[in-house]
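In: kindly generate the corresponding structure for this input.
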Amino acid sequence: MDWIFPINNGGQFHGIGDSGIDLFKGDPIKGLTREICQNSIDARLNDKKTVRVEFKSFELDARKLPQREHLLEYNKQAYYFCKEQKFVKATKYFERTIPTLEQPKIQMLRISDFNTSGLIGADVAATNFTSPWFRLVRSVGSSDKTEGSIGAFGSGKQACFSCSNLQTVFYSTLDKNGVAAHQGVSKLICFMDSEGNLHSDVGYYSEENSMPIRGQFDIDESFKRDEPGTDVYVTAFKSSSMEWKKELIVAVLDGFFYAVKEGHLVVEVDDILIDSHHLSDLISRYKDDISDKTQDYYQILNDSDCEIRTFSYIEKDDVEIRMLMKQDLHRRIAIIRYPGMKVFDKGNISATVSFAGVCIIKGMKISKLLGGLENIQHNAWELSRYRDEPDIRAEAESKIKKIYGDIKKLFNELKGQDTEGEIDPEIGDCIPDPMSEKEETQESINDEVSIIIDKKSALVKPSGGVEITDDDGEDEIDDDSLSGGSSGGSGGKKRKTPFVSQ
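Out: From the prediction side, this is the model:
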């Protein structure tokens, strides 16, 4: 077993800038947290048990990094090649990686999940190109969702590499069938060796032909896996200060407060335990760091005055909406996909009335349908992801309109407004805003965007299809003429009112 950067003579040349890795570099810890936690709870082995995810940092004697000298030599060959070709960015990159590999200690981050199926397919990696193992370790652009504790294995898997100063990650698993295997992946640049051979930009610590190594990766002496799950080792972890712990904890609290509260997820960050018992204390401790909206949402989950409604779109009671009108709330609805990740904050409901809410997509079928709209960072819905499947796209768009319509109707009911006869939108609301696209892009970066829809220029659209922009600058679909049904009833608090959407 050794590091192998396959010869790529005649193949495509890949530079140092990996678009998938670059996508997460703006906020690598947050991207890593969302990717790992969501994919782990998506693939839990038993729905009745809590998924546990550990983030443990440790220092490694550099001499124990598998075949470190060979990996260092490949980095040096790539450096000399880049310098000769005058690749400025790549040259600077290797001027950082080479000293890192030459240091006596290397910082590592081990990420381990439990109550998951493990990474299936290491034993058939030579012939099965659709297994979770192959898609995670060897493939590019694969995003089919099947069982496996790291999830879809599309571009989101690059989040781990964005947190490595060497762009090097080791994967290890003990799957539910008892198969144990590990493999390393390192991403450099296509480079030419002294004999004139062009090598691939991606190398593997593996057996011959880039095959996985049987047995678990035992580089962390304090850890021994004895149950199914997957371990990811981020090499030369970007942890120049202790702030990474706070960033990771805040990312869990902001993105997975519902999953933690409901007992779907427990996260350990070194010595900090994030579970349902400690959630309230942690939200108080990190109140200056987490989003104000998260504090609103957590209050809603615990406030006895919160109004709760259930709706049925595909299956019985597959969507739950909770809403509270109270002073100083942030006028947003958290869209949460089962089993508990917040995807985004929905606006466009009121620019003046103080309220907040959570919309929990609970049903498996509707979660799968709308989950297919999520972008790589899991913070927006994009209908264009179903562009080649018009029937599914139409169904997804219909369900989104109904959800948004029922949110607005519940808001109007709690506000005391008659929802039966809505006033037509002002003419200004029907004129496309030239700034809306810019604002939508900015909101997407800040997790504020609700849904990105292919737009067509029009001064006025028919009733039921009006795209307007509210005072927050967020585009939405006017659903008021759609047959989404009413929220049902009025009056008492804390009641659950079943509703079947037609």
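In: going forward, measure contacts and count neighbours with C-alpha atoms only.
Out: Will do.
In: tell me the contacts of the spatially closest residue to A90 that is not a sequence neighbour?
Out: Counting by CA to CA, 6 or more residues apart in numbering, the nearest residue to A90 once its immediate chain neighbours are dropped is I16, at 5.7 Å. The contact partners of I16, by CA atoms under 8 Å, 6 or more residues apart in numbering, come to 89-90, 188-189.
In: ok, those residues vs H277, which is closest?
Out: H277 lies nearest to L188 out of those, by CA to CA, at 43.4 Å.
In: ok, the closest one to K30 distance?
Out: Relative to K30, L188 is positioned 23 Å away (CA to CA, to the nearest Å).
In: just want to know which of those two has more residues nearby.
Out: More crowded of L188 and K30, by other CA atoms under 10 Å: L188, with 25 against 22.
In: tell me who's in contact with the spatially closest residue to the more buried one that is not a sequence neighbour.
Out: What sits nearest to L188 in space, not counting adjacent residues and going by CA to CA, 6+ apart, is D201, at 5.0 Å. Counting by CA under 8 Å, 6+ apart, D201 touches 5, 14-15, 187-191.
In: now I106
Out: Counting by CA under 8 Å, 6+ apart, I106 touches 59-62, 100, 235-236.
In: now do the strands in the stretch 101-250 of the chain.
Out: With strands called from DSSP state E, counting those that start in this stretch, the stretch 101-250 of the chain shows them at 105-114, 168-174, 180-187, 191-192, 198-199, 202-206, 213-214, 229-235.
In: nearest to E268, out of those strands?
Out: The minimum distance between E268 and those falls on strand 105-114, with 9.7 Å, by CA to CA.
In: which secondary structure elements does the helix or strand containing S398 contact?
Out: Using DSSP states H and E, S398 sits within helix 390-415. Contacts defined by 3 or more CA pairs under 8 Å, 6 or more residues apart in numbering; DSSP states H and E place helix 390-415 against strand 319-325, helix 364-371.
In: between the ones you listed, which one is closest to A396.
Out: Among the helices and strands packed on helix 390-415, helix 364-371 comes nearest to A396, with 6.3 Å by CA to CA.
In: and the closest one, what does it pack onto?
Out: Checking 3+ CA pairs under 8 Å, 6+ apart, helix 364-371 ends up next to helix 390-415.
In: quick check: buried residues in the helix it packs on?
Out: Residues of helix 390-415 classed as buried: 392-393, 396-397, 399-414 (neighbour count, 16 or more other CA atoms under 10 Å).
In: with stretch 236-255 instead?
Out: For stretch 236-255, by 16+ other CA under 10 Å, it's 236-239, 244-255.
In: chain center to it, what's the gap?
Out: 15 Å (CA atoms, centre = their mean, to the nearest Å).
In: can you give the contact residues for it?
Out: So stretch 236-255 is in contact with 29-30, 33-34, 100, 106-109, 163-166, 168, 267, 269, 274, 283, 286, 289-291, 294, 341-343, going by CA under 8 Å, 6+ apart.
In: quick one, which of the residues you listed are buried?
Out: 29-30, 33-34, 100, 106-109, 163-166, 168, 267, 269, 274, 283, 290-291, 294, 341-343.
In: so which of the residues you listed are in helices?
Out: 29-30, 33-34, 100, 283, 294 (DSSP state H).
In: how about a markdown table for these, with distance to S354 and pLDDT added?
Out: Formatted as a markdown table, these follow (distance: CA to CA, whole Å; pLDDT from 0 to 100):
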| residue | distance to S354 | pLDDT |
| --- | --- | --- |
| I29 | 32 | 90 |
| K30 | 29 | 89 |
| T33 | 31 | 91 |
| R34 | 29 | 89 |
| T100 | 51 | 94 |
| I283 | 22 | 96 |
| T294 | 15 | 95 |
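In: which members of those residues are the farthest-apart pair?
Out: Maximum pairwise distance in those, criterion CA to CA, is 37.9 Å, between T100 and T294.
In: chain neighbours aside, what residue packs nearest to S186?
Out: Leaving out its chain neighbours, the residue that sits closest to S186 by CA to CA, 6+ apart is T168, at 4.2 Å.
In: got the contact list for the one you found?
Out: Contacts of T168 by CA under 8 Å, 6+ apart are 161, 184-187, 234-236.
In: then S57?
Out: By CA under 8 Å, 6+ apart, the contact list for S57 reads 107-110, 270.
In: okay, who's weakest in these by pLDDT?
Out: Confidence by pLDDT is poorest for D270 among the contacts of S57, given 91.
In: how close does it get to A122?
Out: 29 Å.
In: kindly report the same for L279.
Out: Distance from L279 to A122, by CA to CA: 37 Å.
In: now do D328
Out: 52 Å.
In: need the helices and strands packed on helix 390-415 in CSV (columns: distance to E221, mean pLDDT and mean neighbour count).
Out: Putting those into CSV (distance: least, CA to CA, whole Å; pLDDT from 0 to 100; neighbours: other CA atoms under 10 Å) gives the following:
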stretch, distance to E221, mean pLDDT, mean neighbour count
strand 319-325, 45, 96, 23
helix 364-371, 38, 92, 17
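In: ramachandran angles for F129?
Out: When read as degrees, to the nearest 10, the backbone of F129 gives phi -90, psi 10.
In: what about the helices in this protein?
Out: Assigned by DSSP H, the chain shows helices spanning 19-22, 28-42, 68-85, 88-102, 132-137, 158-162, 243-261, 279-285, 292-302, 364-371, 390-415, 427-430, 436-445.
In: reformat those helices as JSON lines; add distance to D317.
Out: Shown next, in JSON lines, are these (distance: least, CA to CA, whole Å):
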{"stretch": "helix 19-22", "distance to D317": "37"}
{"stretch": "helix 28-42", "distance to D317": "20"}
{"stretch": "helix 68-85", "distance to D317": "54"}
{"stretch": "helix 88-102", "distance to D317": "52"}
{"stretch": "helix 132-137", "distance to D317": "32"}
{"stretch": "helix 158-162", "distance to D317": "34"}
{"stretch": "helix 243-261", "distance to D317": "18"}
{"stretch": "helix 279-285", "distance to D317": "27"}
{"stretch": "helix 292-302", "distance to D317": "18"}
{"stretch": "helix 364-371", "distance to D317": "11"}
{"stretch": "helix 390-415", "distance to D317": "13"}
{"stretch": "helix 427-430", "distance to D317": "34"}
{"stretch": "helix 436-445", "distance to D317": "29"}
